[in-house]
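>>> Mind folding the following:
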Amino acid sequence: MKGISQVSGRIARTARVAAATVLLAALSAGAVGDLNLDSGALGGKGGQLARGNGLAVAAAAAPGNGAATKTNVKIEYVAKQETVKAGARLFLKEKLTLSDNVAVSFTSGNPAVARVEANGLLTGVAAGKTNVAITVTASGYTGRLTLPVVVAAAAPVAAPKRAAVRVSVSGKAYTVQTVTVPKGTPVTAGIAGRAVGQVQSLKSMANSYMADVAVNGTFFEAYKGPADPYGTIIADGDVAHVGNYGTTIGFSTDGTVKMEALRVRVLGGTDGENNWSGNWYAYFINRTPVQGSTSAVLFTPKRGARIGFAYGTAVTVSGGIVTKIEKNVNAAIPKNGFVVVFMGSEEHLAERFTIGHEAHYETVLQDADGNKVEWSRVHTAIGAGPRLVRNGAVSLDAAAEGFRDDKILTSAGARSGIGIKQDGSIIIATVPGATMKQWAAIMQKLGAYQAMNLDGGASSGLYMKGQTITAEGRLLSNALLFGSKLRY
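Below you'll find the predicted structure:
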């Protein structure tokens, strides 16, 4: 998965220096918002449009007095238009080809018809037509493609079904509250207040996203300090938080659902390269570091307007360009960029950034053994655990997944869980007073082919169409949300 301002290719040094000079001049004049890096827009002077089975454009920079020459980038899409159903999602980058491997931005002409994320994730919102502008943003390059998008009516999806099921395990009977969600139902990660680190009631979160079904998600800090999650969260195709323990469930654009011991690495570079002198890394994403500790944390727009604390060295990157390097400030997070904070023995990494120069990052997804996993089409994921059922059989080893708390290892308590049935439908369940071993057996008896535990105890909550089925005992940090008319 690429970061918001990921630049994969090498940028020509002369063009990069020229672009940095222009940006610094604009910063000094206070006119960054007016800075135009797209002088070769489609239809502009020198632009050429070629048509075949798909769309292609190579745009040239308009000449000016002393203006630096920009490299023309040919942008091609595999079809003349893209069609998506309302509620469906797809990554435009899968079908996009660039003559140079540079960064691009995506902008929807009408978000009420089709929404597009900075990473190119397209979501059909309502039936209609619009355009998505795909624009080269890398310094020293220019190019733009206008892609027509048609959103068709949503595919019919059966309604979710609620049931209270009586299950006996080891001679003890449990009443389990369940909701079965049909395969293909739109899904998203709910983030309280739409900013990582906030809290909200499950019902309020469901209403905010117009969800039909909601269940509490990953563990979070519920007792002191910011309510940051502990597990991994992928929202709108971007990693919103890194947990690196337990098990993660992921939902793909093609409708498949994955369950994996997912691990995430955050790797960055500068000046279009990942060499030893300019590379950097982060331990976490959108998590408040302990003051006085050694850490490196990346903050994205999923965190909200600001990072939420004022210590360490903060590097701000907007539109792929470093704009600020500051100490001990509650830095603002650009909507088209990120902030990375370095502390303790990692603070030297801030020296690898230069104001006016390029910076980027990517997230590398791996399994517990360090092997890369194919999660490129996953748009939504929640990490918690431990794993309960694998291929229809009970599969439980909480300690091996990194759990140390007796609440998980041995104690009985309120539980929430999620499973995948063999027909592709999703089963969500809550139960009181079960050990993890009992919980695994219960999920298997409910028909889960794959299953995992979610946060439990006072966090255990289940909601469906205006009714609270299991009431959580505290405000929540995050949730998994399903519905035919989700508001992403």
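>>> got the contact list for Leu349?
280-281, 296, 342 (C-beta atoms under 8 Å, 6 or more residues apart in numbering). For the C-beta atoms, the positions are set from N, CA and C on the backbone; glycine is no exception.
>>> Tell me the most packed of the residues you listed, by neighbour count.
Phe342 (25 neighbours; other C-beta atoms under 10 Å).
>>> which two in the contacts of Leu349 are spaced the farthest apart?
Spanning the widest gap among these are Tyr281 and Phe342, at 10.1 Å by C-beta to C-beta.
>>> what residues do the two have in common as contacts?
Residues touching both Tyr281 and Phe342 by C-beta under 8 Å, 6+ apart: 296, 349.
>>> Tell me how many other residues crowd the closest residue to Val264 other than its chain neighbours.
Spatial nearest neighbour of Val264, chain neighbours left out: Val242 (4.7 Å); criterion: C-beta to C-beta, 6 or more residues apart in numbering. Per other C-beta under 10 Å, the neighbour tally for Val242 reads 25.
>>> Quick check: which ranges of the stretch 1-150 of the chain have low pLDDT?
1-68 (pLDDT under 70).
>>> now the strands for it?
Using DSSP state E, counting those that start in this stretch, the strands of the stretch 1-150 of the chain run over residues 48-51, 55-58, 71-72, 74-77, 82-85, 89-91, 96-98, 104-108, 114-116, 121-124, 128-136, 141-142, 144-152.
>>> Just checking: what are the partner strands of the third one?
Strand 71-72 has these partner strands in its sheet, going by DSSP bridges: strand 141-142 (parallel).
>>> same check, this time on the last one
According to DSSP bridges, the neighbouring strands of strand 144-152, each with its direction, are strand 82-85 (parallel), strand 128-136 (antiparallel).
>>> which of those is buried the deepest?
Mean neighbour count (mean count of other C-beta atoms under 10 Å) peaks for strand 128-136 among these, with a mean of 20.
>>> Check what contacts it and list those residues.
Contacts for strand 128-136 (C-beta under 8 Å, 6+ apart): 38, 41, 73, 75, 77, 82, 92, 96, 98, 102-110, 112-114, 116, 122, 142-151.
>>> Kindly give a single PyMOL line that selects the buried subset of these.
Entered in PyMOL, the line below selects the buried ones among these, by 16 or more other C-beta atoms under 10 Å:
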select buried, resi 38+41+73+75+77+82+92+96+98+102+103+104+105+106+108+109+110+113+114+116+122+142+143+144+145+146+147+148+149+150+151
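>>> Report the separation between the two terminal residues of stretch 178-188.
Taking C-alpha to C-alpha, to the nearest Å, the first and last residues of stretch 178-188 lie 19 Å apart.
>>> in it, what counts as buried?
Buried-residue list, stretch 178-188, by 16+ other C-beta under 10 Å: 178-182, 185-188.
>>> Between all of those, which two are at the greatest distance?
Thr178 and Thr188 (21.0 Å).
>>> Could you list the residues in contact with stretch 116-125?
Contact with stretch 116-125 is made by 1-2, 4, 82, 84-93, 96, 104-108, 111-115, 132, 149, 151-152, 154, 236-238, 253, 336, 379, 488, as judged by C-beta under 8 Å, 6+ apart.
>>> Please give the centre-to-centre distance between that stretch and its chain.
Distance, stretch centre to chain centre, for stretch 116-125: 12 Å (C-alpha atoms, centre = their mean, to the nearest Å).
>>> repeat for stretch 228-239
Distance, centroid of stretch 228-239 to centroid of chain: 6 Å (C-alpha atoms, centre = their mean).
>>> for that stretch, what is the average pLDDT?
For stretch 228-239, mean pLDDT is 97.
>>> try stretch 333-348
97.
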